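Q: Build me a model:
(4 chains, ligands or ions: 5)
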Amino acid sequence: MSQSYDRGTIEDFGRWRDFSAGMWAWVFHKFTGWVLIGYLFTHIAVLSTATAADPTVYTNTISGLEDLLIVRLLEVGLLAVAVFHILNGIRLLFVDLGMGLTAQDKTFYLSLVLTGAIVVASVPTFVGGKL
Amino acid sequence: MSTQTTDEDSEATGQSDSEAPASSPGERRRAEKRERQTEKARQAAETESDEETVLLKVFRYDPEVEGKREPRFDDFHVPFYKGMTVLDALIYARDTYDSSLTFRHSCRQAICGSDALFINGRQRLGCKTQLSDLDEPVRIEPLPHQDVVKDLVVDMEHFYDQMESVEPYFDPDELPSDDMAEQRQSRENREKIKMSTRCIWCGACMSSCNIAAGDNQYLGPAAINKAYRFAMDEREGDERKEKRMEIMEQEHGVWRCQTQFSCTEVCPKDIPLTEHIQELKREAVKSNLKFW
Amino acid sequence: MYEHDVLVVGAGGAGLRAAIAAHEEGADVAMVTKLHPVRSHTGAAEGGINAALHPEDSWELHAYDTMKGSDYLGDAPAIDTFAQDAPEEVIQLEHWGMPFSREDDGKVSQRPFGGLSHPRTTYAGAETGHHLLHTMYEQVVKRGIEVYDEWYVLDLAVTDEDDPSERECHGVVAYDIQTGEIEGFKGRKGTILATGGPGQVFDHTTNAVANTGDGPAMAYRAGVPLEDMEMIQFHPTTLPSTGVLISEGVRGEGGILYNAEKERLMFEHGYANNDGELASRDVVSRAELTEINAGRGIEDEYVHLDMRHLGEERIIDRLENILHLAEDFEGVDGLDEPMPVKPGQHYAMGGIEVDENGESCISGLYAAGECACVSLHGANRLGGNALPELLVFGARAGTDAAGADIGAPEIETGYEAKSEDGDLDSPVELGAVGGTDVAADGGAVTGAASTVEAAVERARERVDSLMDGDGVNHAEVRADIQETMTENVNVFRNEDGLKQALRDIRGAREHYQDVSVHDPSRTYNTDLIQTIETRNIIDLAEAITAGALAREEFRGAHWRQEYQYRDDENWIKHTMLAWNDGDPELYYKPVILEGAEKTYEPKERSY
Amino acid sequence: MAEQYSSFQRGGTRWVLQRLTAVFLIGVLAFHFMLLHFVNHAADITFLGTQARMSQVGYFATMWLFLVTATFHGVNGVYNALINMGLEGSRKRAVGGVLALAGLLLILQGTRVAIAMTNLL
Ligand SMILES: Cc1cc2nc3c(=O)[nH]c(=O)nc-3n(C[C@H](O)[C@H](O)[C@H](O)COP(=O)(O)OP(=O)(O)OC[C@H]3O[C@@H](n4cnc5c(N)ncnc54)[C@H](O)[C@@H]3O)c2cc1C
Ligand code: HEM
Ligand code: SF4
Ligand code: F3S
Ligand code: FES
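A: Ligands and ions are numbered 1, 2, ... in the order given. A predicted model of the protein is given here:
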């Protein structure tokens, strides 16, 4: 509420500590969604090299990027973001169908745990291979 | 844990400059009075020093009163007894230490919905919250995301406006022709709307919802639940239901809900708000599919 | 100054019903209420609404039960009107969408209740009052009736003729709690008081903190007599620590009372051999206290109410909120253990004297609901009879105030109705400290607007002087009153105690001369509001105690140690107390036992 | 897409589409990740490989739909998030317009890229 009396630090900070599971899920979903759409734009930009006359530009750009450790790490991050967004997205789809509402907090924690597990399991594939 | 004084230190730091020279006679009087109260409390503390007390940290603000214009927290040490609620503690603090401590309350039994407060980081009814269930110190603030009128009192006008904007009244397509005949309602249908009819307009849900905080026009969980109560009541008939759905489907209606569940979690009447909102979303989609 | 045709002070069940009725007569209605309507204490009612809906039931039976329940202190015209109109009102509520509990065929359910010869209590779970209040507020919203919420009515604007019956009420003065503004409200056609019960006179009560009896106190000081104030109902089943009510519905469904020796006390000690737990409230309350005083109470304080044998399904279906109440306010799980209960102040049968149309002796001043006394409940109210009263007499007051003709009343009001002077053996002077406390304008002004303006002026002065001093905190005074009332004017009363109470009240009244408000703010100053309420509490406490001392018999809720019998010879009459400009006067008026169909014969009230 | 963002809108069309695209995306996104990180290691991507895949009509169609749904889903999601923060009136229309335009451009460019990846031209 914009015209709220400004309760200063009381209102601005400190509230997040009081967030409950559903609110965190919302925050994370939002964050991951934004990262994903941001990535989509970047991704298309990178892939645009394919429109160059010389096909090696595309190949070189991709492998050039993949040669950087930072890019591979970022990709792991992307995976984490995507996996969480997917799992929580599935959770939300169930919520929309009115299923499992009473377990909404548990399914959120489950999404987190699963995301963690999948990401850890994928690290070798993502980071591994010749740089 | 043996004193019952209003904690002078924290009060002094909270309002150090405004406290110093008591300018008007009124203020001097109040300063003296505070002194007397502290003295009284100190004496009480001496005689019953083995008694258990609870520390309350209470949000204070008054737009008119010197020294309270800057929001601050006051400390109150309140003697504890088994079964004491947050409201009991506030009443004790007000009647014993500071009669200007302001909060709404009336029924003391979770039915009037006046005393929804932000207690230890959560919206709760003061009268329905046992002190023994809380960690100390007990931090008591007015409901977040609402204008503070004074101390713990917030402006409920916006909440009432939202409640009333969903046409919250029974309005059947038709009534029995016989004046003395009741409309029939199945037990199942009554059961279906039962939870939704329990709302006491406390505003806890609305205050807990981040979406309502961001979008002032969002109807909010309580108003949507109110609409649900009528839309699902079989006595009203299909025509009315359709009109109700139109209200629900507007831009700032059900679609704004992002299923944060905090409304459901804080509702003192255990109304499954998120469930009701979601059901209305599906209803809306279903009724629109017909035209596709 | 705000102006409307009809002003309704208070937005509980009675106020809302009155506003709707007046609105339906085409009047421009406004409600002025210190709490937002849905916060009114009507919302706390649990058990139900009595109305003879069943084909086998009849309004005559309902009237008969009510008269018997009143211990023959109810007025037949009021009782008959009530029983006749109640079914229609309940159906009306249903048409407004009230979510009543239902039978298999979809009809409204009815359950048995204490003192009723037929199961005629309609209900909505165990939260009937909540639904009634919200259903009616919804209708008020639908009709767009103006509501001034969080406006505290300070005083009535009444002209100042010597004889109260010649006075006229032109409106009220109210204080906007949010801003501190004091304004006049002119009621062109009528002003209806619907301010609810005076429970805060006692400290162990089922009433809300806002139930301070403002309406009766204001009307009293304006010259309307208070009727049967000694008749205070104590509810037998309230939770010991808070006073929160455990509905009679529990006993209606079959809940049983046990003492510490696990005896079913109502039968085993012969308090009510036929009806047992369902005997009327006064009987059960006294039974419990007698057990407790005889040392058969649990922890010397309470008895047990057990509903476990009803089975979880039935309890959850019909009494679910009782489980929550016991859990939240007493920490007891009603499915697992019996609930501790003891008697607590619950309801005031007496109040502002009005006729069946809701009008008092001051023309234009009406009252309805718990603050009024049409004399429907007499010496004892039956469970489930207050909510229909709000509907029936709320509607009648609203309709009449709006100017519609609903017939001339049979009940007389004011001094004209006096049959006998009273003589009170009070140990102290009653009424205002230092002689007179003139309610109105001293006869100086005439005309509606100037009456209201003069009242506003007086209110402003009063508030200023309260805000100005540096005196005692009203909370001390209030606590003193509550203490002595609970100690001396409780279920069991005797002369010494009552006199002591009068002395204590006098002391408190003198003490009150020194109160002042310590919060200097005009914004949401609850300190100020409560200080003013405390004055009302003092006036009512005194009226209750004076009535109790005057009535030398045992009738209904009023038990006197010295007079252990109902004295029909001398006491089938109402105790009336008139403020008399600060020098209260006691007198009596006859009870009307001739009803529309028959004359009621006082019978022994056995259950 | 522009009229989807008109100021008043009844019915939860965008809401349903957000869910439907989500369901679709679960499948394709998983497939996409699998194919390009596990089956074919990301570092080993070459234009020829891409071209081979993209020249299959089914794969091309899937990827193009992936692009469109993901764009709708993402842009609509961002739009929603912004209205949730209480965007109103002309600011809201402006944001809607910019987002719609961005989405459109993304799809256009994406389509150009996709076509360039095939051996059709
Ligand atoms: C716990 C409990 C359970 C009950 N259960 C039943 C039951 O099952 N069946 C039954 O028939 N009866 C029951 N009763 C009795 C019945 O509920 C009450 O008698 C009835 O609700 C009173 O309604 P009312 O409209 O007169 O007053 P209330 O509902 O108390 O309303 C009073 C109104 O007056 C306003 N007001 C007061 N003072 C002022 C002022 N100075 N200025 C402005 N506004 C003012 C308040 O804001 C409020 O809106 C129960 C009572 C209690 C306490
Ligand atoms: C793969 C499966 C995906 C699923 C199941 C999914 C699910 C969802 C759901 C259900 C929402 C709506 C949340 C709400 O309105 O309450 C959402 C929001 C969103 N999604 Fe996805 N999504 C997926 C993929 C993507 C992709 C690929 C992108 C990026 C292009 C994306 C970007 C977004 C954005 C930006 C939001 C809005 C977030 C916000 O509220 O701020 N999503 N997603
Ligand atoms: S829905 Fe629950 S939390 Fe919200 S106002 Fe109603 S009772 Fe309070
Ligand atoms: S907290 Fe808000 S987002 Fe929805 S589920 Fe409740 S209304
Ligand atoms: S005081 Fe009424 S809800 Fe808490």
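Q: residue contacts, residue B:54?
A: Going by Cβ atoms under 8 Å, 6 or more residues apart in numbering or on different chains, residue B:54 touches B:77-80, B:84, B:89, B:131, B:136-138. (Each C-beta comes from the backbone N, C-alpha and C, glycine too.)
Q: Provide a complete list of residue ranges assigned to helices in chain B.
A: Using DSSP state H, the helices of chain B run over B:8-14, B:16-19, B:25-47, B:86-96, B:157-165, B:187-194, B:204-208, B:210-214, B:221-231, B:238-249, B:262-266, B:273-289.
Q: In CSV: these, plus mean pLDDT.
A: Conversion of these to CSV gives the following (pLDDT from 0 to 100):
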stretch, mean pLDDT
helix B:8-14, 37
helix B:16-19, 37
helix B:25-47, 54
helix B:86-96, 95
helix B:157-165, 95
helix B:187-194, 96
helix B:204-208, 95
helix B:210-214, 87
helix B:221-231, 97
helix B:238-249, 91
helix B:262-266, 95
helix B:273-289, 90
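Q: Output those helices in JSON lines; the columns should cover mean neighbour count and distance to residue B:142.
A: As requested, the helices of chain B are exported to JSON lines (neighbours: other Cβ atoms under 10 Å in any protein chain shown; distance: least, Cβ to Cβ, whole Å):
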{"stretch": "helix B:8-14", "mean neighbour count": "14", "distance to residue B:142": "17"}
{"stretch": "helix B:16-19", "mean neighbour count": "13", "distance to residue B:142": "21"}
{"stretch": "helix B:25-47", "mean neighbour count": "14", "distance to residue B:142": "23"}
{"stretch": "helix B:86-96", "mean neighbour count": "22", "distance to residue B:142": "12"}
{"stretch": "helix B:157-165", "mean neighbour count": "18", "distance to residue B:142": "13"}
{"stretch": "helix B:187-194", "mean neighbour count": "16", "distance to residue B:142": "31"}
{"stretch": "helix B:204-208", "mean neighbour count": "28", "distance to residue B:142": "9"}
{"stretch": "helix B:210-214", "mean neighbour count": "23", "distance to residue B:142": "14"}
{"stretch": "helix B:221-231", "mean neighbour count": "27", "distance to residue B:142": "17"}
{"stretch": "helix B:238-249", "mean neighbour count": "17", "distance to residue B:142": "29"}
{"stretch": "helix B:262-266", "mean neighbour count": "25", "distance to residue B:142": "15"}
{"stretch": "helix B:273-289", "mean neighbour count": "20", "distance to residue B:142": "21"}
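Q: Can you say which of those is nearest to ligand 5?
A: Ligand 5 lies closest to helix B:86-96 among these, at 6.0 Å (Cβ to the nearest ligand atom).
Q: Give the closest residue to residue 46 in space, chain neighbours not counted.
A: I went with chain A, as the question did not name one. residue A:61 (6.5 Å; Cβ to Cβ, 6 or more residues apart in numbering or on different chains).
Q: nope, chain D
A: Using Cβ to Cβ, 6+ apart, the closest residue to residue D:46 is residue A:59 (4.4 Å).
Q: mind checking which helix or strand the most centrally placed residue in chain A is in?
A: Residue closest to the average C-alpha location in chain A (Cα atoms, centre = their mean): residue A:81, at 2.0 Å. Using DSSP states H and E, residue A:81 maps to helix A:69-96.
Q: Show me which residues of that helix are buried.
A: A:72, A:75-76, A:78-89, A:91-92, A:95-96 (16 or more other Cβ atoms under 10 Å in any protein chain shown).
Q: which other residues reach the helix or strand just after it?
A: Sequence-wise, the next helix or strand downstream of helix A:69-96 (DSSP H and E) is helix A:104-127. With Cβ under 8 Å, 6+ apart as the test, helix A:104-127 has contacts from A:20-22, A:24-25, A:69, A:72-73, A:75-76, A:79-80, A:83-84, A:87-88, A:91, A:94-95, A:100, B:259, B:261, B:274, D:37-38, D:41-42.
Q: so which residue of chain B comes closest to ligand 1?
A: Counting by Cβ to the nearest ligand atom, chain B gets nearest to ligand 1 through residue B:109 (7.5 Å).
Q: Likewise for chain D?
A: Taking Cβ to the nearest ligand atom, chain D has residue D:86 as its residue nearest ligand 1, at 33.8 Å.
Q: Give the burial count for that residue, as a bare number.
A: The local packing of residue D:86 (other Cβ atoms under 10 Å in any protein chain shown) involves 20 other residues.
Q: Residue 63: neighbouring residues, count only.
A: Chain wasn't specified; assuming chain A. Count around residue A:63 with other Cβ under 10 Å applied: 14.
Q: not quite, I wanted chain D
A: 19.
Q: So it sits against residue D:56, correct?
A: No - if you go by Cβ atoms under 8 Å, residue D:63 and residue D:56 don't touch, sitting 9.9 Å apart.
Q: List, one by one, the residues from the stretch 1-150 of chain B near chain A.
A: B:59, B:61, B:71, B:121-122, B:141, B:144-148 (Cβ under 8 Å from any Cβ of the partner chain).
Q: can you put those in JSON lines and add distance to ligand 5 and pLDDT?
A: Listed next are the residues of the stretch 1-150 of chain B next to chain A as JSON lines, based on distance: Cβ to the nearest ligand atom, whole Å; pLDDT from 0 to 100:
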{"residue": "B:59", "distance to ligand 5": "18", "pLDDT": "94"}
{"residue": "B:61", "distance to ligand 5": "21", "pLDDT": "92"}
{"residue": "B:71", "distance to ligand 5": "23", "pLDDT": "87"}
{"residue": "B:121", "distance to ligand 5": "19", "pLDDT": "90"}
{"residue": "B:122", "distance to ligand 5": "15", "pLDDT": "93"}
{"residue": "B:141", "distance to ligand 5": "16", "pLDDT": "93"}
{"residue": "B:144", "distance to ligand 5": "18", "pLDDT": "89"}
{"residue": "B:145", "distance to ligand 5": "20", "pLDDT": "86"}
{"residue": "B:146", "distance to ligand 5": "17", "pLDDT": "87"}
{"residue": "B:147", "distance to ligand 5": "21", "pLDDT": "88"}
{"residue": "B:148", "distance to ligand 5": "19", "pLDDT": "91"}
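Q: So which of those sit within strands?
A: B:59, B:122, B:141, B:148 (DSSP state E).
Q: Show me what the nearest residue to the first one once chain neighbours are set aside is bridged to.
A: Ranked by Cβ to Cβ, 6+ apart and with sequence neighbours excluded, the top spatial neighbour of residue B:59 is residue B:141, at 4.3 Å. According to DSSP bridges, the partner residues bridging residue B:141 are residue B:118.
Q: what about chain A, any weak spots by pLDDT?
A: A:1-17, A:129-131 (pLDDT under 70).
Q: what pLDDT does the residue with the largest distance to the centre of chain D get?
A: In chain D, counting by Cα atoms, centre = their mean, residue D:89 sits farthest out from the average C-alpha position, at 26.6 Å. Per-residue confidence (pLDDT) for residue D:89: 80.
Q: The residue nearest to residue A:46: which element?
A: In this structure, residue A:61 sits in helix A:55-66 according to DSSP H and E.
Q: Would you agree residue C:168 is in contact with residue C:359?
A: No - between residue C:168 and residue C:359 there is no contact under Cβ under 8 Å: 11.8 Å.
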